[in-house]
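Novice: next input, structure requested:
(one chain, ligands or ions: 1)
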Amino acid sequence: MTSFNRSLLTSSVLIPPPALCFDEVSFSHEDKVLLGPCSFTLQGTGPTLVMGPNGAGKSLLLRLAHGLLVPTQGQVIWSSDIHPRQAMVFQQPVLLRRSAVANLTHALAVNNVPRRTRVKLAHEALERFGLTACSNTPARVLSGGEQQRLALARAWVLSPQVLFLDEPTSALDPAAIKAVEAAVREFHQRGTRIVMTTHDLHQARRLAGDVLFLSAGKVREHTLAEAFFNAPVSREAQAYIAGELVV
Ligand SMILES: Nc1ncnc2c1ncn2[C@@H]1O[C@H](COP(=O)(O)OP(=O)(O)OP(=O)(O)O)[C@@H](O)[C@H]1O
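Specialist: Numbers count the residues shown, from 1 in each chain. Predicted structure coming up:
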């Protein structure tokens, strides 16, 4: 059994999460620089909340970090020798046209988890996320809140060292938001590095260990949450927290 599979079966992340470093990373499209160049290192315990106005480049930053996009310049560097196990949860959950439980067993199969343990792990995760009653329901007919919990359950079974969440609660009601936030805290307590975008200042205050603030494709500030909310340094962050329009 590989160390990856062993870690999956223990359902917990035992080693500290790897640090993430952006070294002069930029992303351009048709000669227009959309993000960067930006340099920062996420090495604290987090969770890291990525904030900033619409179009600031938050999703681009997450996609570059997760490897869904390749930087035009610069490098995304992880502190670990091998690429960390990562998962990403999107605003609109991306689910397969299969039952809820099959979405999880498929993810486990893709990650080479032995067949005999897949169903057990999948059902444990469904139970953890309150989805046992929906296990045989087609994923795509689940409600928005249930789909988001299923997306989190799918990440959960993979015991990621790093979890990216891109506005995971923006389409959810307060109860569903609470469930997602509880899950984020539990991932964090298991030692998963959390990097999450939100527009909700209250949510950021509830969850953040540190804040990465972007505007117009640039990182304006990266500080501990308390410093960010109580005494933001950059003019852009001051305006954003004050509720002024920032571009
Ligand atoms: N693949 C792409 N190709 C071209 N332009 C892109 C691409 N992805 C994003 N953009 C542009 O890059 C800019 C930043 O987009 P991004 O989605 O990262 O912003 P954001 O901060 O996440 O905004 P929001 O809060 O509205 O989700 C936007 O102007 C967007 O139109």
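Novice: what helices or strands is the helix or strand that contains residue 203 leaning on?
Specialist: Assigned by DSSP states H and E, residue 203 belongs to helix 201-207. Helix 201-207 makes packing contacts with strand 48-51, helix 174-189, helix 225-230 when contacts are defined by 3 or more C-beta pairs under 8 Å, 6 or more residues apart in numbering; DSSP states H and E. In this view, the C-beta of every residue, glycine as well, is placed from N, C-alpha and C.
Novice: get me the contact residues on the chain for the ligand.
Specialist: 29, 34, 52, 54, 55, 56, 57, 58, 59, 60 (C-beta under 6 Å from any ligand atom).
Novice: quick check on residue 131: phi, psi?
Specialist: As for residue 131, its main-chain torsions (degrees, to the nearest 10) stand at phi -120, psi 10.
Novice: what is the neighbour count of residue 243?
Specialist: 8 (other C-beta atoms under 10 Å).
Novice: which of the three states applies to it?
Specialist: coil (DSSP: H, G, I helix; E, B strand; the rest coil).
Novice: for it, phi and psi?
Specialist: phi 80, psi 20.
Novice: mind checking how far it is from residue 149?
Specialist: Going from residue 243 to residue 149 by C-beta to C-beta, to the nearest Å gives 31 Å.
Novice: ranges for the strands of this protein?
Specialist: Here the chain has its strands, by DSSP state E, at 20-29, 32-42, 48-51, 73-78, 86-89, 162-166, 193-197, 210-215, 218-224.
Novice: any chance of those strands in a markdown table, plus mean pLDDT and mean neighbour count?
Specialist: As requested, these are exported to a markdown table (pLDDT from 0 to 100; neighbours: other C-beta atoms under 10 Å):
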| stretch | mean pLDDT | mean neighbour count |
| --- | --- | --- |
| strand 20-29 | 97 | 18 |
| strand 32-42 | 96 | 18 |
| strand 48-51 | 98 | 26 |
| strand 73-78 | 97 | 15 |
| strand 86-89 | 94 | 22 |
| strand 162-166 | 97 | 26 |
| strand 193-197 | 98 | 25 |
| strand 210-215 | 97 | 24 |
| strand 218-224 | 97 | 19 |
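Novice: now render those as a markdown table, adding distance to residue 129.
Specialist: As requested, the strands of the chain are exported to a markdown table (distance: least, C-beta to C-beta, whole Å):
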| stretch | distance to residue 129 |
| --- | --- |
| strand 20-29 | 26 |
| strand 32-42 | 26 |
| strand 48-51 | 22 |
| strand 73-78 | 28 |
| strand 86-89 | 12 |
| strand 162-166 | 14 |
| strand 193-197 | 17 |
| strand 210-215 | 27 |
| strand 218-224 | 30 |
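Novice: figure out which of the ones you listed is closest to residue 111.
Specialist: strand 86-89 (10.3 Å; C-beta to C-beta).
Novice: quick check, pLDDT for residue 201.
Specialist: The per-residue pLDDT reported for residue 201 equals 94.
Novice: contacting residues around it?
Specialist: The neighbourhood of residue 201, defined by C-beta atoms under 8 Å, 6 or more residues apart in numbering, consists of 51, 229, 241.
Novice: between these, which is nearest residue 16?
Specialist: Using C-beta to C-beta, the contacts of residue 201 come closest to residue 16 at residue 51, 24.6 Å.
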